[in-house]
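J.: Got a sequence here, can you model it:
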Amino acid sequence: MADDLQPFAGRWVALLRGQVVGVGLTAEAALAAAQLSRPKETPTVMFVPDNPPIELPNVVNDVRRALPADARVWVVGGAVRDALLNRRIRDLDFAVEGDALKMARAVGNALDGAYYPLDPDRDVGRVILKSEEGDLTLDFARLRGPDLDTDLAARDFTINAMAVALHDPETLIDPVGGLADVRAKRIRVCSPSALGDDPVRGVRAIRLAAQLNFRLDQDTRSLVRANADALAQVSAERVRDEFVRCVNGPRPGAALRALDLLGLLDQILPELATLKGVTQSPPHVLDVWEHTLAVVARLNEVLTLLGPVHDVDAASDLILGLISVQLGRYRHALTDHLRVTLTPERNVRAALMLAALLHDAGKPATRAIDPDGRIRFLTHETVSADLAEARLTELRLSGDELKRIRTIIAHHMRPRQLSSQKDVSPRAIYRFFRDTGAAGVDIVLLSLADFLGKHGGEPPPQDEWAHHLAVCAQLLEAHFEKREERVSPPALITGHDLMSELGLAPGPRIGQLLEAVREAQVVGEVTDRAGALEFARRWVAASGTG
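T.: Predicted structure coming up:
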């Protein structure tokens, strides 16, 4: 920063031929001040950064002590941005002048961390440090270019192109104006070629905007839209990773709408375009596309409400408050459930959010109108599951994720069907979890969001909502509190028992009979081994098999 601008640190200034002609707390205020004295001229408006405090994790000091005193190493990227925003830092990127793999190995050894070469061809090494608060990832990469400024200028967005020297942590290095953009809550590309060089950055821009509650500047929006078609040239894995972060982030509804408006969603999930304008019968008030966005947003609200920390403000909402009252006792059990990893990079929560996004993808293909004018989507859940599996296979999701998402979508109507009854029997609860397994919990959560999404922004009928919520509470109670009684009763007999005691031959009927015994246990018809064998004899006699 030039010395003559030092008095204006932390504010916006308007400049004409190097002279300050307006000052303000915002760019608009500085421009307005300048126009009072120079109404016919157009000044340059800029933010004058000060020297903000940068509080990096203590591990940065450990890294500095682990390396030679003359090592030229900088903390770069998202960690610097998050430090300026006082956000929790879980990953640290280090730019290195020299042998990055060697430095990463030295840090791993000194800090008792797990080291491995992440990308040997590009000289990138990773160290993972274990702690009670979770893993901390340290990545070390050789400078991309002859010096640090070149490296930073080649990055994606200005807010990710700031650095702090390891041996001078008090000084912010900001060659492309990232600090000003952080303060303006703006996502701006480092260069006009940034998105052409790597089209997946368009998805990342929207993910960051949603995550940080920032906005894309107009030029960046135009570049994202102009490079949308080039997303097809990017590997499916990279597109998948950025897209899943959007869907599983803090504002998935806003992210999806932005992806759609800028032409990226058509490249990732083209099936969703067919949902627009597909009308539905009451109580739905939205078309299938808007309903889908509402369900995704509502699901995120439900999961946040039932997260590990009780959100008093959210719970004060009447509709969400009922969820907190009925299901709040499962808060920690649900948190553990959703954190289960299906791949090293993605957990159950991510799979659930993807299922919510695609749960009605089959509606356009199954839409039919009855003679009385009622719109129906018979078998849409099965068609939706097929479409989701096919598309997500192309995005290279794992087999475990595909199975989980397919199960959620294929059975997402069942809690609503159960709540259409006055009472839900133990047998019905058992069959629900028999068919869905652990995904049954995910289906219950999606069902809550789906119910709310039918009514748009309006509250649902209170009695109907209360009954549906009560049924969902019964299902979660069975899974988390009465598992042996309602979901997975302990085996009283085995297939060997059936063959030896009843003289049955091996075959599929053995499995069917054991299943019938388990159902009888759930409803209280069988309580011990003798009763189970007697039930089996009656079952065989009634079915006419032996």
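J.: drop to CA atoms for contacts and neighbour counts, all remaining ones
T.: Fine.
J.: Tell me if I'm right that Pro43 and Gln19 touch.
T.: No. Between Pro43 and Gln19 there is no contact under Cα atoms under 8 Å: 9.6 Å.
J.: so where's this protein uncertain?
T.: Within the chain, the stretches with pLDDT under 70 are 1-4, 6-7, 311-316, 544-546.
J.: how close does the residue nearest to the spatial centre of it sit to Ser191?
T.: Nearest to the centroid of the C-alpha atoms of the chain, with distances taken as Cα atoms, centre = their mean, sits Asn248, at 0.9 Å. Separation of Asn248 from Ser191 (Cα to Cα, to the nearest Å) stands at 28 Å.
J.: How about Gln280?
T.: Counting by Cα to Cα - Gln280 and Ser191 are separated by 45 Å.
J.: and what of Gly134?
T.: 35 Å.
J.: Count the neighbours of the closest residue to Ile187 other than its chain neighbours for me.
T.: Nearest non-adjacent residue to Ile187, counting by Cα to Cα, 6 or more residues apart in numbering: Leu216, 4.6 Å away. By the criterion of other Cα atoms under 10 Å, Leu216 has 18 neighbours.
J.: thinking Leu216 is in contact with Val189, fair?
T.: No. Look at Leu216 against Val189 with Cα under 8 Å: they stay out of range, at 9.2 Å.
J.: show me what contacts the residue nearest to the centre of the chain?
T.: Asn248 sits next to 349-350, 353 when contact means Cα atoms under 8 Å, 6 or more residues apart in numbering.
J.: Excluding residues flanking it in the chain, which one is nearest Pro53?
T.: Per Cα to Cα, 6+ apart, closest to Pro53 is Glu170, 7.1 Å.
J.: Now the helix or strand hosting that neighbour: buried residues?
T.: Following DSSP states H and E, one finds Glu170 within strand 168-173. Going by neighbour count (16 or more other Cα atoms under 10 Å), the buried part of strand 168-173 is 169, 172-173.
J.: Okay, and the closest residue to Asp93 other than its chain neighbours sits in which element?
T.: Distance criterion Cα to Cα, 6+ apart; nearest residue to Asp93, sequence neighbours excluded, is Asp139 at 4.8 Å. Asp139 is part of strand 136-142, with elements assigned from DSSP H and E.
J.: Comparing Gly134 and Ser191, which residue is more hemmed in?
T.: Ser191 (16 against 9).
J.: Show me what stretch 300-311 is in contact with.
T.: By Cα under 8 Å, 6+ apart, stretch 300-311 touches 250-252, 314-315, 320, 323-324, 327-328, 330-332, 334-335, 353, 445, 448-449.
J.: CA atoms only for the helix or strand harbouring Pro415 - export them in PDB, please.
T.: Using DSSP H and E, Pro415 sits in helix 414-419. This file holds the C-alpha atoms of helix 414-419, laid out as PDB (Å, rounded to 0.1, in the frame of the first residue of the first chain):
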ATOM      1  CA  ARG A 414     -43.100 -45.200   2.700                       C
ATOM      2  CA  PRO A 415     -43.100 -43.100   5.800                       C
ATOM      3  CA  ARG A 416     -45.900 -41.000   4.200                       C
ATOM      4  CA  GLN A 417     -47.800 -44.200   3.400                       C
ATOM      5  CA  LEU A 418     -47.400 -45.300   7.000                       C
ATOM      6  CA  SER A 419     -48.600 -42.000   8.400                       C
END
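J.: buried set for the very next helix or strand once past it?
T.: Sequence-wise, the next helix or strand downstream of helix 414-419 (DSSP H and E) is helix 426-436. By neighbour count on 16+ other Cα under 10 Å, the buried set for helix 426-436 is 426-430, 432-433, 436.
J.: Kindly report the same for stretch 32-49.
T.: Result for stretch 32-49 [16+ other Cα under 10 Å]: buried residues 32-35, 43-49.
J.: Pull the most distant pair out of these.
T.: Greatest spatial distance in the buried residues of stretch 32-49: Gln35 and Pro49, 22.7 Å, computed using Cα to Cα.
J.: Check for me that Pro308 belongs to a strand.
T.: No. Using DSSP: H, G, I helix; E, B strand; the rest coil, the assignment for Pro308 is coil, not a strand.
J.: Can you get me a residue count around it?
T.: Neighbours of Pro308 using other Cα under 10 Å come to 16.
J.: What distance do you get for it to Val247?
T.: To Val247, Pro308 is 20 Å away according to Cα to Cα.
J.: Repeat that for Ala368.
T.: 30 Å.
J.: Of these two, which one has the most company?
T.: Val247 (26 against 14).
J.: In this structure that one contacts Leu354, no?
T.: Yes. Val247 sits in contact with Leu354 when judged by Cα under 8 Å, with a separation of 6.9 Å.
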